[in-house]
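> got a predicted model here, sequence first, then my questions.
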Amino acid sequence: MVRFSRKSYSTLHEWFSSAGTVSLVVHARPDGDAMGSASALAGYLRKAFGSDVLILAPDAYPSTLDFMVTPSDVIDASSDMDLAAGRIAGSDLIVSLDHGDFSRTDSLERHLAGARCRKVLIDHHQSPDLASYGLVFSSVDVSSTCELLYHILMRMPGVRRASDLPQRSAFCLMAGMTTDTNNFANSVFPSTLSMAADLLAAGVDRNLILDRLYSSYRENRLRAMGSLLLERMHVSGNGVAYAVFDRQTIARFGLQDGETEGFVNIPLSMSGVRFSLFLKEDGDVFRVSIRSKKGFSASRMARRYFNGGGHENAAGGRLRIPDDLPSADDVEAYVESVTARFLQDEALPQTEQK
Ligand code: 5GP
Ligand code: MN
C-alpha cells in the first residue's frame, strides 16, 4: 500500500484548489500510463475545482491511445513550441506525471525547469529528481502512475471510492494501469487489484478497454510480428534476445507509432532468455526497449549502454547516430557486444546477491 504523510495530501489539495491554471506534463513519446493519468487528473481537477487544465506533451501520443484522450486537452509542443512555452509561463501549478525528472520532456525541459510556479511530481520511477519539485508523490511499489494517482485521489476530501470520480477519469485510470501492467502481466501489487476492483465496481467498461488496446490493431502489425519472429529476432546463447526494426522494415509494413507496442515482450517467453531488446530506427536515433526477467536489471543495462533508464524489468533509451553508433548498420554488432559485456560485468554481483 502506498502511504504519504497527511500533510502531503492536505498540501496537494490546497495547491489544487488555489491554482486557476494547471499544466499536466507527460514524458516524450507518451504512453498509456502517461496519457491515462494526465487525462484522469484533468477530469478530476475540472470537476472538483473548475480549473483550467491542459496536458503538455513534448511530442504526439500514438493514435492507438485516442480512446483515452480528448484531443483538445493536449498541447503537443513539437507542433507548437511557443504555445507550450506560453502555457508553462502562465501556469499556477505544474504536475509531472509518469517521469521522475524534466530531462524526459525533451525540448520542454528548460521551460519547465525555469518556471517559477508550484510543481508537483506524481510518478513510479526510480531516482526521482526531488530538488525540482515542491511536493513529491513517488513510489516504485505500485503498478503505474495511474495506480499511484488513484490512491492519491482517494485521499482528497470528498473522494472515498472510484464512483466519486468523474466516470471518464475512472476509465482512464483503468486504461493506463492496464497498459503499464500489460494487462496484469507485470508489476501487479495487492493495491493494484484493489484499485481495479473499485474501478470495476464504479462501472468502468473494461471490455471496451481490452477491445481498444488488444483487439483493434491493423493487419500490418501482425504481419510485422511475423517478420519479427521469423526474420528479425536473434537469440544468443547467453540469454539475450534482440530484434532491430530498421527504417526499411518499418517502411515495408507501413508501421505507425504505437504499432510495435509489446513486441519486446515476446522473446522473453522463451526459457533461458533473460533480456529482450527491441530497437526501432527513428530519424537519427534507434529507440531502445528493454525487458528482463526477475533478477536481471533492464534499468541498469539501459542506463549503462543505451542513454536511458526506467524500471528494474522494463526500461528504455536511445542510441544516437553518429554519437553512439557510426552508422545504422552497426547497431546489431553494438547490441551484441554491449549485452555480452553487461552480462559478464553483472555475473558476479548477480550471483553473489542471490
Ligand atoms: P518502453 O520500452 O515501453 O518504451 O519503455 C519502458 C520504460 O522504460 C518506460 O516506462 C520508462 O520508464 C523507461 N524509458 C523508456 N525510454 C526511456 C528513456 O529514454 N529514458 C529513461 N530514463 N527511461 C526510459
Ligand atoms: Mn508508467
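Good, I have the coordinates. On a predicted model such as this, the values are computed, not experimentally measured, just so you know. Ligands and ions are numbered 1, 2, ... in the order given.
> quick one, strands of this protein?
21-25, 52-57, 74-76, 93-97, 118-123, 135-138, 233-235, 240-245, 275-282, 285-292, 309-310, 314-320 (DSSP state E).
> what's the local residue count around Y133?
22 (other C-beta atoms under 10 Å). Backbone N, C-alpha and C define where each C-beta goes, glycine included.
> what's the closest non-adjacent residue to it?
Using C-beta to C-beta, 6 or more residues apart in numbering and skipping residues adjacent in sequence, the residue nearest Y133 is L121, 4.3 Å away.
> pretty sure the one you found is touching A131, no?
No. Using C-beta atoms under 8 Å, L121 is not in contact with A131, being 10.7 Å away.
> more neighbours, the two?
Ranked by neighbour count (other C-beta under 10 Å), L121 and A131 place L121 first, with 24 against 7.
> within range of ligand 2, give me the residues from the stretch 101-250 of the chain.
Residues of the stretch 101-250 of the chain lying close to ligand 2 by C-beta under 5 Å from the ion are S144, T145, D180.
> what parts of the protein come near ligand 1?
By C-beta under 6 Å from any ligand atom, the part of the chain that sits against ligand 1 consists of 104, 125, 264, 289, 308-311, 314-318.
> let's see 8 Å
27-29, 31, 33, 98-100, 103-104, 125, 180, 261, 264, 278, 287-291, 298-299, 302-303, 306-311, 314-318 (C-beta under 8 Å from any ligand atom).
> give me whichever of the strands of the chain is most buried.
Counting by mean count of other C-beta atoms under 10 Å, strand 93-97 has the highest mean neighbour count of these, with a mean of 28.
> reformat the strands of the chain as JSON lines; add mean pLDDT.
Output for those, formatted as JSON lines (pLDDT from 0 to 100):
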{"stretch": "strand 21-25", "mean pLDDT": "98"}
{"stretch": "strand 52-57", "mean pLDDT": "98"}
{"stretch": "strand 74-76", "mean pLDDT": "98"}
{"stretch": "strand 93-97", "mean pLDDT": "98"}
{"stretch": "strand 118-123", "mean pLDDT": "98"}
{"stretch": "strand 135-138", "mean pLDDT": "98"}
{"stretch": "strand 233-235", "mean pLDDT": "98"}
{"stretch": "strand 240-245", "mean pLDDT": "98"}
{"stretch": "strand 275-282", "mean pLDDT": "98"}
{"stretch": "strand 285-292", "mean pLDDT": "98"}
{"stretch": "strand 309-310", "mean pLDDT": "94"}
{"stretch": "strand 314-320", "mean pLDDT": "97"}
